[in-house]
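Q: return atomic coordinates for the entry below.
(one chain, ligands or ions: 1)
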Amino acid sequence: MANWPFLQNGKPIHITSADGVFLYTDDGREILDGAGGAIVSNIGHGRTEVADVARESVLKLDYIIPPWNCDEREALVERLQKSWLPPEFNRFHFTSGGSEAIESAMRIAQMYFAAKNQPEKYKIIGRDISYHGTTHTTMAIGGHQARKQGIEHTLPTYPIIPTPYTLRCDSDKPAEFYVEAFQRILELEGPETVAAILGEPIIGASGGAMVPPDGYWEGIRELCDRYDVLWICDEIMTGFGRTGTKWGYEHWPVLPDFIISGKGLAAGYAPINAVFSKNTIAETIEQVPGLAVMFHTYGSHPSGCAIADKVLEIMEREDLVSKADSLGCVLEQKLQSAFSNHPHVAESRGKGLLQAIEVVKNRSTLERFEISDNVTGRLISKCFEKGVHFYGAGTGIVRDVVLIGPPLTINESHVDQIVNVLSDAVDDVMQEIN
Ligand SMILES: Cc1ncc(COP(=O)(O)O)c(C=O)c1O
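A: Predicted structure coming up:
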């Protein structure tokens, strides 16, 4: 047997193929992909027309350096501008992975202030429940304690504010409470030293579909405008329709300065992520000779661009953003009916087809299970045994959260399967532990 993966903790699941919303295991089982892998597979698996584009594009043009142009890059950028992005966002930096994209945006934000002759305005504020990637920089600014183990002492520190977590917030004005925390840190650090705040509009895997209260992003935006601070909006999980709107931030009347996207951009068919930035930011940097945003060798890979273009064409043709909204409402309601009185489910939450449940020892006190009880791991395994793949969420401190993010192509019977399997698995695991 191959020495895979790098660290071997038990036998890995072996998937032989995938089609539509299903995965197939080497022992012949059909698994509903209730998390689209890692909330990636927006258009479902096994799309022939995407495979055709992949073959054609590799044969036509396998590689050129990222700063050059080609038909595939041009077509993707045109589609993004025409159908997906607000008009202000017309600068593009493509990377292979999400961590690279986040780190690029952090660098560009700092470079922007250097170009404005304000090099002292370089700090980037992070949030305590967050995940932005696995490189040293993105791990450091993120708030995923579990994933920092063993390297925490090597990581640089960043100013951190609390992420809205309304379930456990004592304030009766949560939006104001969390916005004030941002104001306090700006004043403490000195706004003349702060370049940007990095935040997902709706928290994905670190907290599990945590939706901030109305007024939160409006308040953050207002402070950003007042103190000339940029908002790097991490839409890697929430972008491209996942939450029932094209972008997660659209649930509120706000506009970020950077949109970082990934997972849904090529929906699992190619490793391509992107930084979308306002023209004004790029124009400012361009005015200073010598400043350049260095590319990654595989950035804006021609066939990655061609595949993303085809995936987005399918998203548009099949109206999958609206579908995420309408089926998301059905999923949300069914989760509510299954869990709103469950003694071990604190809440179900989310927007569109990004939903989660948080499991607790005691629903009235919100006491959590011990880490050693491994509730998340047991729930994910139990659901898999019962035929549905979900994604484990949490940071270690926040825990026992199951994240649901199926392909946007599911139907109502798949929604029923998702809710029924999750409900049975919660009951089974709670019985085993209690
Ligand atoms: C919100 C968010 N940002 C950044 C990343 C990092 O992306 P990648 O794993 O492609 O480096 C992830 C990955 O899960 C993510 O969910």
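
Q: mind checking the SS state of Ile418?
A: helix (DSSP: H, G, I helix; E, B strand; the rest coil).

Q: that one contacts Ala35, correct?
A: No. The criterion here is Cβ atoms under 8 Å, and Ile418 misses it with Ala35 at 9.8 Å. Placement of C-beta: from N, CA and C, glycine included.

Q: next, the contact list for Gly328, please.
A: By Cβ atoms under 8 Å, 6 or more residues apart in numbering, the contact list for Gly328 reads 243-244, 350-355.

Q: what residues are up against Gln118?
A: Contacts of Gln118 (Cβ under 8 Å, 6+ apart): Glu192.

Q: that one belongs to a strand?
A: No. Counting by three-state DSSP, Gln118 falls outside a strand, being coil.

Q: what pLDDT does it get?
A: Listed pLDDT for Gln118 reads 98.

Q: pop out the phi and psi values for it.
A: Backbone geometry at Gln118, expressed as degrees, to the nearest 10, gives phi -130, psi 60.

Q: spell out the residue ranges of the strands in this protein.
A: 15-19, 22-25, 30-32, 89-95, 123-127, 160-161, 194-199, 230-234, 258-261, 273-278, 345-351, 354-359, 391-393, 401-404 (DSSP state E).

Q: any buried residues in the second one, and which?
A: Read it as strand 22-25. 22-23 (16 or more other Cβ atoms under 10 Å).

Q: and it, what other elements does it pack with?
A: strand 15-19, strand 30-32 (3 or more Cβ pairs under 8 Å, 6 or more residues apart in numbering; DSSP states H and E).

Q: out of these, deepest packed?
A: Compared across those, strand 30-32 shows the largest average neighbour count, a mean of 17 (mean count of other Cβ atoms under 10 Å).

Q: for it, packing partners?
A: strand 22-25, helix 412-433.

Q: how does it look with 6 Å?
A: Using 3 or more Cβ pairs under 6 Å, 6 or more residues apart in numbering; DSSP states H and E, no helix or strand is in contact with strand 30-32.

Q: make residue 1 into 48 and carry on from there
A: Fine by me, first position is 48 from now on; the one you just mentioned is strand 77-79.

Q: beta partners of the nearest residue to Val276 once chain neighbours are set aside?
A: Distances taken as Cβ to Cβ, 6 or more residues apart in numbering place Val241 nearest to Val276, at 5.2 Å, with adjacent residues excluded. For Val241, the beta-bridge partners under DSSP bridges are Lys170.

Q: OK, contacts around Val241?
A: 170, 233, 276 (Cβ atoms under 6 Å, 6 or more residues apart in numbering).

Q: reformat these as CSV; add neighbour count, distance to Glu119 and pLDDT.
A: As requested, the contacts of Val241 are arranged in CSV below (neighbours: other Cβ atoms under 10 Å; distance: Cβ to Cβ, whole Å; pLDDT from 0 to 100):
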residue, neighbour count, distance to Glu119, pLDDT
Lys170, 19, 37, 98
Leu233, 23, 42, 98
Val276, 24, 35, 98
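
Q: tabulate those residues in CSV, adding columns for distance to Phe136.
A: Formatted as CSV, the contacts of Val241 follow (distance: Cβ to Cβ, whole Å):
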residue, distance to Phe136
Lys170, 24
Leu233, 25
Val276, 18
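
Q: out of the contacts of Gly375, which comes closest to the ligand?
A: Leu401 (10.7 Å; Cβ to the nearest ligand atom).

Q: could you check the pLDDT of the residue nearest to Val276?
A: The predicted local confidence for Val241 is 98.

Q: roughly how far apart are it and Phe229?
A: From Val241 across to Phe229, the span is 10 Å (Cβ to Cβ, to the nearest Å).

Q: and for Gly254?
A: Distance from Gly254 to Phe229, by Cβ to Cβ: 17 Å.

Q: circling back: format the strands of the chain as a markdown table; extra columns: distance to the ligand.
A: Converted to a markdown table, those look like this (distance: least, Cβ to the nearest ligand atom, whole Å):
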| stretch | distance to the ligand |
| --- | --- |
| strand 62-66 | 19 |
| strand 69-72 | 19 |
| strand 77-79 | 20 |
| strand 136-142 | 9 |
| strand 170-174 | 11 |
| strand 207-208 | 16 |
| strand 241-246 | 9 |
| strand 277-281 | 5 |
| strand 305-308 | 7 |
| strand 320-325 | 6 |
| strand 392-398 | 14 |
| strand 401-406 | 11 |
| strand 438-440 | 9 |
| strand 448-451 | 10 |
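
Q: and Val406, what does it touch?
A: Counting by Cβ under 6 Å, 6+ apart, Val406 touches 391-392, 422, 447.

Q: including pLDDT, could the residues you listed go into JSON lines?
A: Below are these laid out as JSON lines (pLDDT from 0 to 100):
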{"residue": "His391", "pLDDT": "98"}
{"residue": "Val392", "pLDDT": "98"}
{"residue": "Val422", "pLDDT": "97"}
{"residue": "Asp447", "pLDDT": "98"}
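
Q: and the furthest pair within the residues you listed?
A: Val392 and Val422 (11.4 Å; Cβ to Cβ).

Q: of the two, who's got more company?
A: More neighbours surround Val422 than the other of Val392 and Val422, with 27 against 22 (other Cβ atoms under 10 Å).

Q: show me which residues of this protein sit near the ligand.
A: 85, 144-146, 149, 178-181, 247, 251-252, 281, 283-284, 309 (Cβ under 6 Å from any ligand atom).

Q: so which of those would you say is closest to the ligand?
A: Nearest to the ligand among these, with distances taken as Cβ to the nearest ligand atom, is Gly145, at 2.3 Å.

Q: is it true that that closest one touches Ile283?
A: Yes. Using Cβ atoms under 6 Å, Gly145 is in contact with Ile283, at 4.3 Å.
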